[in-house]
Structures are given as C-alpha cells and as structure tokens.
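*Asks:* got a predicted structure plus its sequence, pasted below:
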Amino acid sequence: MWHCKLRAYEKCESSFIRKWSLELTLSHYFQKIFSLFLFAVSQINADGKLESFHVCLVKAEMSSRRFKKERHPFAYHPETSASTSAAHQSHSLSGEDDTGGLDRLQRRDWRIAADVGDAEDTAENTSLAWRDAWTPEIRTAVKLLLSARLCSVVWSHITDCDETFNYWEPLHYILHGSGFQTWEYSPSYAIRSYAYLLLHALPLKLYDVLFHPDRLLMFYLLRLLLAVVSVGIEGYFYDAVRRKFGPSVARLLLIFQLFAPAFFISSTALLPSSFAMSMTTLAFAFWFREREMLAVTAVACSGLLGWPFAAVLGLPIALDILTRRGLLYFLTRTLLIGGTLTAVIVGIDSNFYGKLVFPSLNIVLYNVISGHGPELYGTEPWHFYVINGFLNFNVAFFLALLCPVVGEVGHRFRRHLPESNWHSRVRIFRFGTCVAVAIWLGILFSTPHKEERFLFPVYSLLALLAAITLDLLTQIGTVIAAKIFPAETSRSLMTRCLWVVLIVSALLGTSRMFALSRYYGAPMEIYTKLHLEAANRTTTQPLIEQQEGFNLCVGKEWHRFPSSFFLPDQWQLQFIQSDFKGVLPKPFAPYPQGLSAIPTEMNDENREEPSRYIDVCRCHYLVDLNFAGKSSPLEPQYLKNKSEWTVVHRENFLDSERSHRLYRAFYIPFLSEKHCSFADYVLLRRKRKCPPAETEQTL
C-alpha cells in the first residue's frame, strides 16, 4: 500500500526535479544542493512551480481512498491523543528499543505524509504542511556532506600553530624520523598523548610502505581520511536527528552542516578538539538512537583519547542512563569501558615516553593546579566566543542560544503544534543538548585563555539547536499569523521568512569560507611551491654551496609554518630572531631516542630560549610577510633588500589593520578588493653569501 504511493510520489518528484535540472548548468552535487534548498520548505507562493508539485503530491495521496484517513505519526492532528494513539498503533513497525510505539513508528519514510490531502482544511495543518517536503535520505546527505568536506581538504588552511607543532610535527617524527618537539612532549611534562597520534599514523604508515608517496601527498591523504570519517559521523548524526526530531529539523541541520564555516575549519583539522567534536557528535547520535553503551564509549574516547575537558559534554547522557537504568548498571559498564580504554592509552604513552604517564590527567593538572597554566599564551575578552560564533555559524549561532527560550514559548502553543515536539524522549534529548552546550559555553566564557578551537566539540550540537529553534519559530509564527491572515497567506508568509533565513545563512557561510581561503591561504600556497623550487634549483640563479641541505628560515612567520610534510628532502626549517619572545619548539633528538629523552633548554613558562635561533646569513631561503610601513631592527623588510634576496614566489595576505571590518570578515565579490588591503607573503632566495665582516657583526 505504501509502495504504490511512494512510487507515485517519486515519479512526481523526479519529473519536477528534471524540469529544473534542464535549466541548470551546475554540477551533479550542486544540483543536489539546489534541490535540498528547493524542498527545505514546501511552497514559495500559491501560483509558482512549488504549488504544482504540492498538488501533484496531494493527487498521489488521494489516489488511494482507503488510506485517506491514515495519519502520519509526526504530522499535526486536532484529534484527541487517544485517537492519535490508536492510529499510531495501527501502523506500527518494529523498533530498536523499549521506549514505546513512538520509536517504532520513527522507521517510516519521512517523505510520506498521508495527511496532505486534509492539509487545507485547518489553519494548523496548513501551517505545518512544509514539514512533509522532501527530506534527503542518508545516502544523499552523505554525498552532499562529502562534497563540502572535500572543499575543506583542499582549501582550508591551518588556523592554529598548535595543530602544526603539537600534532603534525610529532606525527612527521614518528613516520619519517624528523620534526619539531614542543615542551608538551618532553617526558618531564608529558601532557600530549602519542596514542592519539598513533591513531593517525597507522594508516599513513601503511600507505607509505605500500606506495612510498611524497610527504606532501601524505599530508593531504590524512586530511582526506579525516574528512571521510567526519562525513560518516555527521551523516549518522543527521539520520538519528531525522528519526527522533523529524524531517524538518533534519533538513535544517543538514543545511547548517553544509554551509557553516565552523565545519569547514574543524572537520579536517588534526586537533584533539576536532576529534572530540566527532566523538561528541557520535555520542549524541547513539543517545538519540537509544544505544546507551555506544554513547558512553564515544564520550570516553572523546575525553581519554582526545581532549579530557570534553568529557563534561556527556553529563546529560550519563544522567539519562542513571535515571533509566540505575547506578549499578551505569557504574559497571562505565568503569569497564573507561578502565579498558585508559589501560590501552596509558600502555601506549608509557611505552613512548619511557616511563609511566597518563597525559589526560597531566593536562588537567597543568591547567588547574600548575599556577601559571594557559593564561601565559594570551587572554581574550568575554565576547571573543560571541564574535567567533557569529563568524563560524552566523545567524545559526544566535538561533542555537535561543533554543531554551523558544522551546518554552513553543510549550505555550503546545496544542497547536505536532505532538512529536513534546514526546517525553524528544523533550529529554532537546533539553540534554541545551544543557551540554550551556555547560560548555559556561566553562569557556569563564576561562581567561580563549581560542577558537575550544568551541569545536559543540559545533554539531549548536547546529542541531539552531535547526530545532528555526523549526519551532516557523511553526509558532505560522500559528500566530493564521489568527491574522488567511491560512494560506500565513503559511506563505512564514515560508518566505524561512527561505530568507536559510539563504542569508548559506550566503554568509559561503562568503566566510571564501574569505578564509582567499585572505589567509598564502602560507599553504607558498610552502607548496617549495617542491617546485627544489626541483628547479639547478636551473635557477646559482646559490651558495650545498653542504648539509638548504636552510629555510622563518622569523615572525614561524607560527604559520604548515608542517615538515611540506619540506622537500634535504631542507630544514630554521628560526631567526624576531620580536616574538616566547619559547619556540626545537628539533627532536634522533628517532627513537627522542621520544623518551628529556630535551634541554625547554620550559613550560613560555620563556624565550635564544638557542633556537640561527644567523640570517646561514639562510638559503626565507619566508616572510611584508606589511607596508612596518619594520623593526629584528623584523626588517627583507623584501626590499634586493641585493641579498630575490623573490621566488609571492602571494597576497590580508592586512587586517588596514582593511574594513565587514569586507575582511566576509568575501563580497568586487567590493572586498576595494575595501581590503593586502601584504606580500613571499618566498625569498638568497643571492649571495654574507660578507665575512657582516657575518661577524651579526654574530
């Protein structure tokens, strides 16, 4: 019976999309994105294309009169709860747990809405007709997400020097025997986990053994693997939301996942906070699917293998399990999972460090009781995360923050809204997500040291709360508007409002991603050109004699070095003195002794170590950023010293101080170029040796 209506629906849908596809010159994936927006809401107006699609859907539904009275479990009906319950029972399917008929009914295809034929009879049903629009299956959602994440693999740059020196460099050391060591990896402190790195090193090592690829290719291969894993987890999360919260929330969630710059930045970053984001997303997806122990396992991986502070996001899950299953059930399984994972991690890290260590505990102790902690590395005002939230989620960030308030307002309109919004489990899931985000933001706002990556673990939860809020606002607005305007007009009005929010959010997100790539992508471009320079060096202007390879030097631009994966063979990164007065990393001792050897001239107080620097006369190449009118004795404009240096490659890099706030935050074609200023990010090659007298003077 359902197959007949599904075929009629799909025939109508495919013919409609084909008609639009003839007018598009976009790629296959962009057609998918277009159709997602097309069906995120049901009608733009009463006379357009979408009206004809709606009529076609109604005809498909009315073709089987015997099912006209059938009720979809998540569509609004004015009947009593008893009659609704009876209708639910008559169409129940097999479920995954013991939470009742509602969960069994969630296995229905969300696209089938048996009540569409009656949607025009009441203002309430009309206000919610858009909820029955097309919802992507998980396969389609995964394809869309993969398209977006592949863009991140190629165009997203490394935004944090911690990613380079605390994760990419030790990973390069494990794989190739060379790399830079920070004080965090000294056995004296041991606050970073090699178990986390080993998780990423194993697939790269296998690939290296089989194919012997270029190191730069290995860098992008790992980014690709991170993107694929992220897509799988986000797709599973989307499917869990679709089953529990309904298709309308799932559609909005998918749009936020596709167009939020937050995921463009975090999904391919080699950071514990990104790993914690994926594990937190997976934990909540398991929770929504009532797979409690898998949720606990994901939370344990997030806290023990990734970032220990992210474990607090599992508190709502823990409280729910305690309430439903009891203390004994929770403790026995949690201790078993946590104890097993802890034993594995401690064993791996103790083997690498050469002594018994537990990095997750060490990092908590350092941040809480060390006396100096992370404040040494800078502090930010309270509104730092508000600005970052807007840049990375735009309007969705504020929608997420409004979720508790909108939920309370929606409760007052409860009798006019779908009963699925107020089912006990759905309310628990919504409340638990709000609590998790509130706890995390409370911790971050109260901490003086603030960084963008600290928000990563709650990105998926923020997107979900934003989708829930927007869905509730649309329903509430339609009900209110129906008391002022005719039913069809009120629905059309709210549909237009929803369209505006979605389009504005998508445009702002896309603009921000373009801005990040165009304005700050110069370092990745410059370091990629090193391989071309290494291959052509024999045909270029003569260089100083090669002794032990080439020294590539960085001064004030040390923090934008992407990693040793970008260096050609026989090239070494060296530091020259600049105005920066903090502690810099130093090369690891030869592998594998450097894993357990205590390095000299290391400190955890961010004090400068002069031993890190070499004389600029020993530099064969230099990477520098040349801001107009900015120089100092330690940071001269090397680009202007044409007798010593020649430009190999040049890229534009945003000069934020001389650029308009709006146009530097978002890329707007034709206007951004006029209102933004750019500096020269350059790769310089030394023309000649320093004269002996000059060398002695610099020494």
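*Replies:* Thanks, I have the structure now. Numbers count the residues shown, from 1 in each chain.
*Asks:* contacts only, for the residue nearest the centre of the chain.
*Replies:* The residue lying closest to the centre of the chain (Cα atoms, centre = their mean) is Phe263, at 2.6 Å. Applying Cβ atoms under 8 Å, 6 or more residues apart in numbering to Phe263 gives the contacts Ala148, Arg149, Ser152, Ser230, Glu234, Gln257, Tyr459. All C-beta atoms are positioned from the backbone trio N, CA, C, and that covers glycine.
*Asks:* ok, 7 Å please
*Replies:* Phe263 sits next to Gln257, Tyr459 when contact means Cβ atoms under 7 Å, 6 or more residues apart in numbering.
*Asks:* confirm it sits in a helix?
*Replies:* Yes - under DSSP: H, G, I helix; E, B strand; the rest coil, Phe263 falls within a helix.
*Asks:* any idea of the pLDDT on it?
*Replies:* Phe263 carries a pLDDT value of 98.
*Asks:* list the buried ones in the lengthiest helix in the chain?
*Replies:* If you go by DSSP state H, the chain has its longest helix at helix 487-520. Within helix 487-520, the residues that qualify as buried are 487-488, 490-495, 497-498, 501-502, 505-506, 508-520, counting by 16 or more other Cβ atoms under 10 Å.
*Asks:* what does stretch 576-585 give?
*Replies:* Applying 16+ other Cβ under 10 Å to stretch 576-585 flags Ile576, Gln577, Ser578, Val583, Leu584, Pro585 as buried.
*Asks:* the last one and Phe550: what is the separation?
*Replies:* Just to be clear, that refers to Pro585. 20 Å (Cβ to Cβ, to the nearest Å).
*Asks:* ok, the fifth one next?
*Replies:* Distance from Leu584 to Phe550, counting by Cβ to Cβ: 20 Å.
*Asks:* before we move on, what about Leu199?
*Replies:* 33 Å.
*Asks:* show me which of these two is the more surrounded one.
*Replies:* The residue with more neighbours, out of Leu199 and Phe550, is Phe550; 24 against 15, by other Cβ atoms under 10 Å.
*Asks:* can I assume Ile345 is in contact with Pro308?
*Replies:* No - using Cβ atoms under 7 Å, Ile345 is not in contact with Pro308, being 10.9 Å away.
*Asks:* where does Tyr681 land in three-state SS?
*Replies:* strand.
*Asks:* low-confidence ranges in the stretch 151-300 of the chain?
*Replies:* Low-confidence segments of the stretch 151-300 of the chain (pLDDT under 70): none present.
*Asks:* would you map the helices across it?
*Replies:* 161-163, 169-176, 194-211, 215-244, 247-259, 261-266, 272-288, 292-300 (DSSP state H, counting those that start in this stretch).
*Asks:* want to throw the ones you listed into a markdown table with distance to His416?
*Replies:* Formatted as a markdown table, these follow (distance: least, Cβ to Cβ, whole Å):
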| stretch | distance to His416 |
| --- | --- |
| helix 161-163 | 49 |
| helix 169-176 | 55 |
| helix 194-211 | 49 |
| helix 215-244 | 21 |
| helix 247-259 | 16 |
| helix 261-266 | 33 |
| helix 272-288 | 25 |
| helix 292-300 | 33 |
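*Asks:* mind checking which of those is nearest Arg686?
*Replies:* Minimum separation from Arg686 across the helices of the stretch 151-300 of the chain (Cβ to Cβ) falls at helix 215-244, 23.7 Å.
*Asks:* buried set for the closest one?
*Replies:* 215-216, 218-219, 221-223, 225-231, 233-244.
*Asks:* next one: stretch 435-445
*Replies:* In stretch 435-445, counting by 16+ other Cβ under 10 Å, buried: Ala436, Val437, Trp440, Leu441, Leu444.
*Asks:* quick one: which helix or strand includes the first one?
*Replies:* So the one you mean is Ala436. helix 424-446 (DSSP states H and E).
*Asks:* residues near Ser193, how many?
*Replies:* Residues near Ser193, counting by other Cβ under 10 Å: 28.
*Asks:* and if you look at Gly432?
*Replies:* 19.
*Asks:* now it, nearest residue through space, not along the chain?
*Replies:* Take Gly432 and drop its neighbours on the chain: the residue closest to it by Cβ to Cβ, 6 or more residues apart in numbering is Pro316, 3.2 Å away.
*Asks:* and Met602, by the same measure?
*Replies:* Trp183 (4.6 Å).
*Asks:* pretty sure that neighbour is touching Glu601, no?
*Replies:* No - if you go by Cβ under 7 Å, Trp183 and Glu601 don't touch, sitting 9.9 Å apart.
*Asks:* between the two, which is the more surrounded one?
*Replies:* Counted by other Cβ under 10 Å, Trp183 and Glu601 do not tie: Trp183 has more neighbours, with 20 against 11.
*Asks:* contacting residues for that one?
*Replies:* Tyr189, Val583, Met602, Asn603, Asp604.
*Asks:* where does the protein dip in pLDDT?
*Replies:* In the chain (pLDDT under 70), the answer is 1-133, 371, 419-421, 538-548, 691-699.
*Asks:* which stretches in it count as strands?
*Replies:* Under the criterion DSSP state E, the chain contains strands at 180-181, 550-554, 571-575, 586-587, 621-626, 645-655, 677-686.
*Asks:* between these, which one is nearest to Leu399?
*Replies:* strand 645-655 (28.8 Å).
*Asks:* burial of Arg139, as a residue count?
*Replies:* 9.
*Asks:* same question, Leu331
*Replies:* So Leu331, with other Cβ under 10 Å, has 11 neighbours.
*Asks:* then the one 3 residues further on?
*Replies:* Here the neighbour count serves as a burial measure; for Thr334 (other Cβ under 10 Å) it reads 19.
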